[in-house]
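>>> Pasted the sequence and its predicted model underneath.
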Amino acid sequence: MSWWESGRRRFFYVFCAAVAVVAVVFIVVQYGSSSETTLWLINQGRKYVEAPRWAAIGVVVVMLVFAYNVIGTAYATRRITGITAVLMIDLVPLVILYLDAFPAISNMSADLFWWWWLVHLWVEATWEVLIGCIMAWTLMQLLGTSRRIVETWLYIEVALVLGTGILGLGHHYFWIGTPNYWLTIGGFFSALEPLPLLGMVIHAIYDAGTHHMTTTNRPSFYWMMAEAFGNFLGGGVWGFMITLPQVNLYAHGTQWTVSHGHFAFWGAYACGVLSVIYLAIQKTRGLAHLEGTLWKWSFAALNIGLVGMVGALLVSGFAQAFVERAIGGSTHEAFVAGQENRWFIEGMVTRLVFGLMFAAGYVALVWDLLTIGRRAPILAAVEAAE
């Protein structure tokens with residue numbers, strides 16, 4: 001093993017340990033006094049970028065190392081494809097936008113304005129393009145999809161991100177002093193971003209069927225399908241339900257928003273990552289075909305559990321939006337009435353039930369990832385003959 005390979009493995013374990021430390025601190029400690037010590041060791045105090053300062057610096061380091069690996073590899077091979085070019089360009093704003101996690105702006109309106117540039121454009125622009133590049137590569141590996149097809153849809157994705165991703169920022173601009181027209185502009189455009197990824201997958205499947213292509217990795221293929229439709233439904237449909245300002249005025253900060261967050265993150269990113277993991281397992285374990293039974297159970301439990309939680313949270317969010325916001329006027333009494341509403345309570349209990357199903361599916365998934373291909377080794381010659 002070369003020193004470079006050994007160093008990469010050590011870096012991976014250091015990264016995993018750092019993530020575990022941040023998670024434990026956030027769950028157990030959560031907050032501290034208003035001091036530099038708290039900012040550096042416990043919590044920076046800003047939603048979605050709560051990681052302590054040392055961990056935020058670590059995120060920047062990880063992104064820079066990733067960018068170096070991608071750009072260095074492309075330069076060494078002297079071959080830059082359309083997918084690689086898009087990825088390298090995307091890594092620049094991916095790093096720069098995250099630097100907004102560090103400034104402590106005292107004016108809350110100014111802080112929220114620039115904070116949304118990080119939260120929105122990271123999730124709905126740079127990471128959307130990144131997962132698009134990953135999906136393009138994965139489809140080429142899984143189905144033998146033409147590079148022309150995936151690159152065409154990837155370029156459409158970039159074009160939509162430049163338009164809808166940036167303009168979509170406006171649907172977050174509530175109560176921070178920005179012109180009202182940004183709410184309407186942002187509400188319309190932010191719902192269009194998932195469409196190219198869905199189009200890429202549907203086109204790839206159609207092309208595979210036309211040319212009678214087959215896949216040798218069904219788990220990866222199924223998770224890729226979940227990625228495409230989960231992203232469209234969770235990010236697109238569920239996002240559009242709350243993105244219009246006339247609705248967001250009542251839904252913002254309720255379990256309705258949480259429902260969208262669960263669905264969008266799972267569909268847009270988690271499913272795609274699992275698809276790539278199964279593909280990597282097939283490559284690293286030298287399997288001609290990757291198949292089994294346990295992945296089907298984990299796939300079903302995770303997705304049914306997730307959709308169940310999303311639906312339950314949506315019901316609770318409806319109750320909050322109507323009882324607490326629309327009828328009660330967002331007073332303290334209305335907040336209490338919303339929490340005591342029967343629909344809200346039943347929704348949260350149902351969420352717990354489906355959450356347990358999701359947890360069971362996660363346990364099955366981890367066991368399957370650790371053992372698939374090792375429980376019953378698949379001989380390449382036999383599978384090829386079949």
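Here it is on my side, so go on. Numbers count the residues shown, from 1 in each chain.

>>> Report the separation between the residue nearest the centre of the chain and residue 236.
Taking Cα atoms, centre = their mean as the criterion, residue 269 is the residue nearest the geometric centre of the chain, at 3.2 Å. To residue 236, residue 269 is 14 Å away according to Cβ to Cβ, to the nearest Å. Placement of C-beta: from N, CA and C, glycine included.

>>> Neighbours of residue 280, how many?
In terms of burial, residue 280 registers 11 neighbours under the definition other Cβ atoms under 10 Å.

>>> Please tell me how far it sits from residue 63.
20 Å.

>>> what does residue 158 give?
Residue 158 sits at a distance of 19 Å from residue 63 (criterion: Cβ to Cβ).

>>> Would you enumerate the residues in contact with the nearest residue to residue 81 once chain neighbours are set aside?
The spatial neighbour of residue 81 that comes closest, neighbours along the chain excluded (Cβ to Cβ, 6 or more residues apart in numbering), is residue 147 at 7.0 Å. Applying Cβ atoms under 8 Å, 6 or more residues apart in numbering, we find residue 147 in contact with 81-83, 140.

>>> Of these, grab the buried ones for PyMOL.
With 16 or more other Cβ atoms under 10 Å as the criterion, this PyMOL line picks the buried residues out of the contacts of residue 147:
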select buried, resi 82+83+140
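
>>> and the two most separated of the contacts of residue 147?
Among the contacts of residue 147, the pair separated by the greatest distance (Cβ to Cβ) is 82 and 140, at 11.7 Å.

>>> Among the contacts of residue 147, name the ones in helices.
Residues of these located in helices (DSSP state H): 82-83, 140.

>>> From those, pick the one nearest residue 305.
Of all the ones in helices among the contacts of residue 147, the one sitting nearest residue 305 is residue 140; the distance, using Cβ to Cβ, is 30.8 Å.

>>> contacting residues around the closest one?
Neighbour list for residue 140: 147, 150 [criterion: Cβ under 8 Å, 6+ apart].

>>> pretty sure residue 221 contacts residue 215?
Yes - because the distance of 4.7 Å satisfies Cβ atoms under 8 Å, residue 221 is recorded as touching residue 215.

>>> Can you pull the residues that touch both of the two?
A shared contact of residue 221 and residue 215, defined by Cβ under 8 Å, 6+ apart, is any residue touching both; here these are 142-143.

>>> one step back: for the residue nearest to the residue nearest to the centre of the chain when sequence neighbours are not counted, give me its contacts.
Distances taken as Cβ to Cβ, 6+ apart put residue 131 closest to residue 269, at 6.1 Å, once the chain neighbours are dropped. With contacts defined as Cβ under 8 Å, 6+ apart, residue 131 is in contact with 197, 227, 231, 268-269, 272.

>>> and of those, the nearest to residue 287?
Looking across the contacts of residue 131 and measuring by Cβ to Cβ, the closest to residue 287 is residue 272, at 20.8 Å.

>>> Neighbours of that closest one, how many?
Here the number of neighbours of residue 272 (other Cβ under 10 Å) works out to 24.

>>> Farthest-apart pair in the contacts of residue 131, please.
Every pair in these was compared (Cβ to Cβ); the two farthest apart turn out to be 197 and 269, at 11.3 Å.

>>> And the helices in the stretch 151-300 of the chain, which stretches?
Using DSSP state H, counting those that start in this stretch, the helices of the stretch 151-300 of the chain run over residues 166-167, 181-189, 195-210, 218-230, 238-243, 245-251, 255-265, 271-284, 294-319.

>>> Out of the ones you listed, name the one with the poorest average pLDDT.
Set side by side, the helices of the stretch 151-300 of the chain show their lowest mean pLDDT on helix 195-210, which sits at a mean of 67.

>>> doesn't residue 270 make contact with residue 231?
No - if you go by Cβ under 8 Å, residue 231 and residue 270 don't touch, sitting 10.3 Å apart.

>>> Looking at these two, which has the bigger crowd around it?
Taking other Cβ under 10 Å, residue 231 and residue 270 do not tie; residue 231 has more neighbours (29 against 16).

>>> Starting from residue 281, give me the distance back to the nearest residue to residue 274 once chain neighbours are set aside.
Across the structure, with Cβ to Cβ, 6+ apart as the measure, the residue nearest residue 274 apart from its sequence neighbours is residue 223 (4.5 Å). For residue 223, the distance to residue 281 (Cβ to Cβ) stands at 12 Å.

>>> And those two? Which one has more around it.
Neighbours were tallied for residue 223 and for residue 281 using other Cβ under 10 Å; the higher tally belongs to residue 223 (27 against 20).

>>> Surely that one and residue 296 touch.
No - at 11.5 Å, residue 223 and residue 296 do not qualify as touching, with contact defined as Cβ under 8 Å.

>>> So, low pLDDT: which residues of this structure?
Across the chain, residues meeting the criterion (pLDDT under 70) sit at 1-8, 191-198, 200, 203-204, 206-213, 375-386.

>>> Thanks again, I'm all set now.
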